[in-house]
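1. got a predicted structure here, sequence first:
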Amino acid sequence: MDDKTPVANEDEREKVLSVKGLTVGFGSKIVLDNLDLDIYRGEILGFVGASGAGKSVLMRTVLRLLPRRSGTIEILGSDYNTVDERTRMELDTRLGVLFQHGALFSALTVKENIQLPMREYLDLPKWLMDELAYLKLDLVGLDPDAADKYPSELSGGMIKRAALARALALDPDLVFLDEPTSGLDPIGAAEFDELIARLRDTLGLTVYMVTHDLDSLFSVCDRIAVLGQKRVLVEGTLDDMLASEDPWVKSYFRGKRARSIPRRGDPVASGRVTD
Ligand SMILES: Nc1ncnc2c1ncn2[C@@H]1O[C@H](COP(=O)(O)OP(=O)(O)OP(=O)(O)O)[C@@H](O)[C@H]1O
């Protein structure tokens with residue numbers, strides 16, 4: 001690289017999501033306490049933490065599915081909780097979500113599932129919604145004939161892709177993926193990771209990925225945030241994780257299983273670790 005090329009530091013990069021001082025609880029139980037987290041445009045952030053640490057609670061709070069006790073959540077520079085209803089609706093269209101297990105509506109075809117957000121937020125003629133649905137299918141690597149199939153007629157990998165196509169229906173800036181590779185075989189999981197990386201590179205998509213999948217963390221995530229003790233305990237690159245002396249981070253990223261995984265850019269690509 002040219003030495004004189006200025007490298008954008010984190011302060012100069014656009015924050016797509018900025019969470020500050022977030023506290024969330026249920027009754028007397030506090031799940032997240034004064035948590036801070038930033039996500040920058042065009043990155044894939046892997047979000048990890050022990051089971052029950054609060055990863056889903058954080059995602060659901062950011063999506064306004066759960067109330068917060070205090071703190072701010074800014075999406076694209078606007079505070080989600082103080083903007084007027086119209087701006088909030090606009091912000092909603094900038095976010096896409098892929099819930100765990102795909103969460104497609106079983107009574108609707110793939111095409112109808114993809115068109116749901118379009119029906120909710122846009123007023124488009126049928127022919128245009130059809131064209132857009134086929135474009136989204138292409139984007140996620142599904143054949144056009146998947147459009148008229150019902151979820152029960154799809155493989156696990158195809159369901160994930162169809163759900164991703166629905167998450168991308170409104171051309172969002174930020175996509176939330178909740179354990180996207182869980183339930184996929186190693187080849188399907190690796191292909192899904194490649195797809196996510198390609199969308200980041202071609203569309204400039206920003207991705208918030210909750211995952212337990214070490215392969216995804218090693219191969220496609222640009223940064224990783226670790227949730228522990230009700231806040232983001234460690235945040236940084238994979239190298240930062242590998243250098244961390246936090247006991248949980250150490251056993252997770254430097255454990256036996258992690259050591260057998262090739263890293264992004266490693267010359268020898270070996271197979272994916274299976275469960
Ligand atoms: N609606 C709710 N009411 C009460 N407690 C809840 C509710 N939702 C989550 N919790 C509690 O919040 C804590 C965090 O749960 P959460 O599902 O966010 O964990 P997680 O990190 O996503 O775990 P996993 O990796 O197993 O999915 C758990 O103790 C859970 O029981």
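-> On my side now, so go ahead.

2. C-alpha from now on. contacts and neighbour counts both.
-> Will do.

3. how many other residues sit next to the residue of the stretch 151-275 of the chain found nearest the ligand?
-> Residue nearest to the ligand within the stretch 151-275 of the chain: residue 212 (7.4 Å; C-alpha to the nearest ligand atom). Neighbourhood size, residue 212 [other C-alpha atoms under 10 Å]: 20.

4. distance of it from residue 46?
-> According to C-alpha to C-alpha, to the nearest Å, residue 212 stands 9 Å off from residue 46.

5. check the secondary structure at the residue of the stretch 151-275 of the chain closest to the ligand for me.
-> Following DSSP: H, G, I helix; E, B strand; the rest coil, the label given to residue 212 is coil.

6. that one contacts residue 179, doesn't it?
-> Yes: using C-alpha atoms under 8 Å, residue 212 makes contact with residue 179 at a distance of 6.9 Å.

7. where does the stretch 51-200 of the chain come near the ligand, residue by residue?
-> Within the stretch 51-200 of the chain, the positions near the ligand by C-alpha under 6 Å from any ligand atom are 51-57.

8. pLDDT below threshold where in the stretch 1-150 of the chain?
-> 1-11, 101-102 (pLDDT under 70).

9. show me where it has its strands.
-> For the stretch 1-150 of the chain, strands defined by DSSP state E, counting those that start in this stretch occupy the ranges 15-26, 29-40, 44-49, 70-75, 78-79, 95-98.

10. so how far is residue 157 from residue 166?
-> 14 Å.

11. between the two, which one's more packed in?
-> Shown here are residue 166 and residue 157; by other C-alpha under 10 Å, residue 166 has more neighbours (29 against 20).

12. give the next helix or strand downstream of the helix or strand where that one lies.
-> If you go by DSSP states H and E, residue 166 is part of helix 156-167. Downstream of helix 156-167, the next assigned helix or strand under DSSP H and E is strand 174-178.

13. for residue 77, the count of nearby residues, please.
-> Neighbours around residue 77, by other C-alpha under 10 Å: 12.

14. where does the stretch 151-275 of the chain dip in pLDDT?
-> Looking at the stretch 151-275 of the chain by pLDDT under 70, you get 256-275.

15. what do you get if the cut-off is 50, keeping everything else the same?
-> Applying pLDDT under 50 to the stretch 151-275 of the chain flags residues 269-270, 274-275.

16. and the helix ranked longest in the chain, what does it pack onto?
-> In the chain, ranked by residue count with DSSP state H as the criterion, the top helix is helix 186-203. Applying 3 or more C-alpha pairs under 8 Å, 6 or more residues apart in numbering; DSSP states H and E, one finds that helix 186-203 contacts helix 156-167, helix 214-219.

17. highest mean neighbour count out of those helices?
-> Looking across the helices and strands packed on helix 186-203 with neighbours counted as mean count of other C-alpha atoms under 10 Å, the highest average goes to helix 156-167: a mean of 24.

18. what's it packed up against?
-> Partner elements for helix 156-167 (3+ C-alpha pairs under 8 Å, 6+ apart): strand 95-98, helix 110-121, helix 126-139, helix 186-203.

19. how about a cut-off of 10 Å?
-> Packing partners of helix 156-167 (3 or more C-alpha pairs under 10 Å, 6 or more residues apart in numbering; DSSP states H and E): strand 95-98, helix 110-121, helix 126-139, strand 174-178, helix 186-203.

20. redo these as TSV? Include mean neighbour count.
-> Putting the helices and strands packed on helix 156-167 into TSV (neighbours: other C-alpha atoms under 10 Å) gives the following:
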stretch	mean neighbour count
strand 95-98	22
helix 110-121	20
helix 126-139	17
strand 174-178	23
helix 186-203	17
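
21. out of these, which gets nearest to residue 32?
-> Residue 32 lies closest, by C-alpha to C-alpha, to one member of the helices and strands packed on helix 156-167: strand 174-178, at 18.0 Å.
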